[in-house]
Structure formats: C-alpha cells, structure tokens
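K.L.:
Need coordinates for the below:
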Amino acid sequence: MDRRPTAMKMRSKWVLLGVGIILATGFACKANGSSTSMQPRSGNHSPASWKTQEDPMGFRVALPPGWKVNANRNSGRVEILSATGESVIVWPFFLSDSGAGMSAFSSADAIVVVSRLATRVWPDAAWSTPQPSGLTVVHLTGSRGDLTVVSFLSWISSPQGTAGYYYATAAPTERYHGLEDTFAKILASFRMTGAAAKQKPADAIHYIRWTDPHEQAFSLEVPAGWRVTGGMLRFASVDTRGSVEAVSSDDLIRVTVGDTDIPAFTQPTPTLAVSGFGEGSWYSPGYGVRMFVRRYLTGKEFVSEYVHNKVARICPGLNITDTRDITNTVNAQSYNSGFTAGEVDFTCHRDGRTFKGSYGAVTQQPVYGGVWLVISLGGYLAVAEKALEAHSVLEHMGSTFQMNPQWQNSQNNIAANTSQIVSQTQRQVSKSISDRYWNRQSANDEMSRRRSNATLGLEDVVDTNTGRQFKIESGSNYYWVDQRGTVVGTNTDTRPNLDFRELVRLP
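P.N.:
Just a heads-up that it's a prediction; the model follows:
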C-alpha cells in the first residue's frame, strides 16, 4: 500500500494473471544488426535427437540435447536454457479488458506490455524502440554486454480480455545468427496442454468493495466471504500507515497489502550518533513522529529481509527461490527515478503442507535529512496448489485500490501545517544536539588539560588584563608577569617589583 496519499503507485489498467489458455503460434526470430523480422513457422518438426517434455504446469515443449526447462509457477514464465548460456523464454499472459471491449487492446498497448515484460526479464539490458510486426505482433531487440536479446509479443482479443504470449531469445552475439533455426524449432514446439486450467479460475471469485473502517481513507475490492482486517492507522498527524490482510475461509491463502508496523526511516549520521541515536534506535523530531534509525535499503533488499523476518514467523522452513530487481519497471510506470523496487518468491512449510509466496516492495530513496520510506509493499502466502489464485487476488486488490479524495485533501492540509512546525522544531533539535556536542567536547578538553598538567607538573595561569594564558612549571604559591611577558613565581603575596602584576590560576 502506498504510504503517501499524494503519490499513489500507478498501475496498468490490465492485470497480469500468469498462464493464459490460447492457441499456440510458433514464430522465428531473426536479428540482422538492429532489425528484427518475425515469420510464422508451420510444419517445423523437431530433430529426432530432441526430447519432448510434458510439464505439470500445463505445457509441452521439445528440447535440444543438454537443454533444460525452468518453469516459475507463480508468474507462469517458462525459461528454456542451454548449458552454454543461450535461453528461450515463453510467458503466456492474460490481460483483463475491464469491460472496454475487443478494441481496447491495440498495437500501442502491446508496445507498452512488451517493453515492461522485456525490462522485467532483463532489467539491465539496453532496448531498441518496440515496433509492430503485423496486426497482432510487436517486437524489440536488446543487448547486454556481449548478449543479443530479441523479444516479441503476439496476442488475440476477446470480449473477456486479451490473451497472448511474450517470447524472447538470447545468445552471445557472435553465436546468435547460427542459433536462429534452433530457437524457431523450440518456439514452434511449445504448446499449452490445459493442465493449468485445473486451478480455480480468477473470474470465479466474487469480489466486494471494502472500505477502511478507521478513517475511511481508502477502499478496494476483496473476495467475498474472506476474513478481511486492517485500515489506516494514525500514529501522528503526518504519520499514517495503511494495511489490508485478506485470508480465505479455509486459511490456505493469505494476501496482504501494506504493513502498519513499518515506520518512516532516517539514515544514521554522525550528528545523530553523537546524541545517542545510533543505528537501531528510535529518533523523534517531535509532535509524536518517530523514525527508526536505519541505513537505506533498496526495494529488493527490504523485501528479502521482510520475508525472512516476518513471513517466516507464520510459515517456517522458508526458502527463497527467486529475487528480482524491478526498479526500472517501477520508475518507468511512475515517471519517477527516486524509487527502487524488488520482488522475491519463496516456499515454506506449515501444518505438513508446502506453501508458496511472493512479495514485492518499493522504497523511496533518502530525501532531505536522510528520511526514507517504504512506498509500497504487498504479497501473498498460499498452499502450493492455490498460488496462482492468490496471485490473481493480490493483483485484483491492488488494481482496485482507491484513495478517498476528501481524506487525501484533509491529510495534505494537516501535513502542510505540521511541516512548518516540525521544520522549526527540527532546527531547534539540531541546534540542541550541536550545543550538547560542543559542551561535551569542551568538558572533555578541560579534563584532558587537567590530566596533562598533573602528569607533567605544569599549571595554567591567565593575565586578566590581556587575556593571555601561560603554561608554567608548578611549585609556587603566586605567579607574576611584567610588561615584557616575564613570569616569576613567589611563595608570598609580595610582588617582585612594581613592574609585575599578579596572574590568576586556572582551576
């Protein structure tokens, strides 16, 4: 859940639901310099040495010798990998049309989708501008070091939405041309077998709108009959945190958005450390606002730590299966470069059953004063056979999330008024911290001076007329100085002559 009412996380009007069921179409990719051509292939039989793999996830594909399949059941993505670094990716998807009709999905929409999927798979690749390759195909090429990547997307629309495939092939640039025929045969052999349809389809779930019961700050759609808790909690005038937890009636699916236990953070600094606010402590600038002193964590770092520390409490034996940095995708969607984002997939065990989960987080990089926030956090935990259903519920909850404009305006006014007060207080606190530091430093210097004098048999005296200080050997009861700066010590209070005046001992 977005913790900032004025900057909600932007989402596409379509929801990626994982494996979709459509007729498979094979395509061959040809990379000629910077151009790419897409040609449908028919009757493209696999060589006799290839083996056909039937996967329980619901697809069949022919594999060259030495190649293997890595299928992610949470996302529906299928990776076909060689032992020498080549890869083929097939990612079936379904895009809900939200009632817009068959004409809602166009080549322009496909260009957006293929760009996002390509960036998600290879976030550090340099991509060309996507181009149409027919009425229902778009493509783009990319490079990452010495690797050439070709991605394209084909789709088919219906009144219920748009189903399609994202394809990608990758190989070292010097070998890519020689592998085009192999890539084409692999893609032509890929077929959905329908096994994935055994899971409960997402459209069979009936949703109802749920409103924050505390401040009516937001609402979203949740599955009917599920146990839903949460809402917006106010910890201070400008510290509001929202969360929603939805648990299925059989307790086998848990979907969460946001977490009210997560505060604002401030980076550790020397000034805070001197005042006793080291990393791991709580610091308050005033007016009830409390920040946890903690170094900045990227979205990927934060979500991995969150899953290990919090999710593992309710589902032991946690094992991370995949982590992804999706910063480029999130920043492209939000038109903001100040965020970092990550996702993590995992398995765990509870009540003798295997559970699967996936969580994502977006963190805002430190702003003025070192303050940083967890902007968005969400995920699910579900028994393995219901993971796809849990993923669909999470996507639906996120896509239907709406802030209450009246609450948002009211909160903005509160923030504006409080901001000025907190700023003034912050300056006062900073001055107090600085004063305490220099007072402590002065005391330390004084103790050091006395300790040094005692060790060396010296004393410090000052001429009150000029303010000049002298460090002299101790042993006399009185000390005097003349106009030339000559210092003399005596045991009585009689001055050596009229040219001398008495010096004052420093304590």
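
K.L.:
contacting residues for residue 50?
P.N.:
Taking Cβ atoms under 8 Å, 6 or more residues apart in numbering as the criterion, residue 50 is in contact with 62, 63, 64, 65, 185. (C-beta placed from N, C-alpha, C; glycine too.)

K.L.:
Okay, it and residue 185: tell me how far apart.
P.N.:
8 Å (Cβ to Cβ, to the nearest Å).

K.L.:
okay, and the common contacts of these two?
P.N.:
residue 62.

K.L.:
List just the nearest of the contacts of residue 50 to residue 89.
P.N.:
Nearest to residue 89 among these, counting by Cβ to Cβ, is residue 63 at 14.2 Å.

K.L.:
count of neighbours near the closest one?
P.N.:
Neighbours of residue 63 under the rule other Cβ atoms under 10 Å: 19.

K.L.:
Where does pLDDT dip in the stretch 51-200 of the chain?
P.N.:
95-104, 134, 158-160, 194-200 (pLDDT under 70).

K.L.:
again but with the chain, I slipped
P.N.:
Along the chain, segments meeting pLDDT under 70 span 1-46, 95-104, 134, 158-160, 194-203, 287, 329-337, 368, 415-457, 507.

K.L.:
Kindly state the domain boundaries assigned to it.
P.N.:
27-193, 202-403, 458-505 (automatic domain parsing).

K.L.:
where does the first one sit relative to the chain's centre, distance-wise?
P.N.:
If you compare the mean C-alpha spot of domain 27-193 with that of the full chain, they lie 27 Å apart, counting by Cα atoms, centre = their mean, to the nearest Å.

K.L.:
Could you look up the SS state of residue 118?
P.N.:
Assigned by DSSP: H, G, I helix; E, B strand; the rest coil, the conformation of residue 118 is helix.

K.L.:
Does it touch residue 141 like I think?
P.N.:
No - the criterion here is Cβ atoms under 8 Å, and residue 118 misses it with residue 141 at 9.6 Å.

K.L.:
overlap in contacts of those two?
P.N.:
Taking Cβ under 8 Å, 6+ apart as the contact rule, residue 118 and residue 141 both touch 127, 149, 151.

K.L.:
Between these, which sits nearest residue 504?
P.N.:
Using Cβ to Cβ, those come closest to residue 504 at residue 127, 78.2 Å.

K.L.:
Return the residues in contact with the closest one.
P.N.:
By Cβ under 8 Å, 6+ apart, the neighbours of residue 127 are 115, 118, 119, 140, 141, 142.

K.L.:
again, 10 Å this time
P.N.:
The contact partners of residue 127, taken as Cβ atoms under 10 Å, 6 or more residues apart in numbering, are 114, 115, 118, 119, 140, 141, 142, 143, 144, 149, 151.

K.L.:
The residue positioned nearest the centre of the chain and residue 379, how far apart?
P.N.:
Geometric centre of the chain, nearest residue: residue 299, 1.7 Å, by Cα atoms, centre = their mean. From residue 299 across to residue 379, the span is 13 Å (Cβ to Cβ).

K.L.:
Now the common contact residues for the two.
P.N.:
Common neighbours of residue 299 and residue 379 (Cβ under 10 Å, 6+ apart) are 343, 360, 361.

K.L.:
Top of the residues you listed by number of neighbours, please.
P.N.:
Result: residue 361 is most packed of these (other Cβ under 10 Å), 29 neighbours.

K.L.:
in the sheet, who's paired with it?
P.N.:
For residue 361, the beta-bridge partners are residue 342, residue 377 (DSSP bridges).
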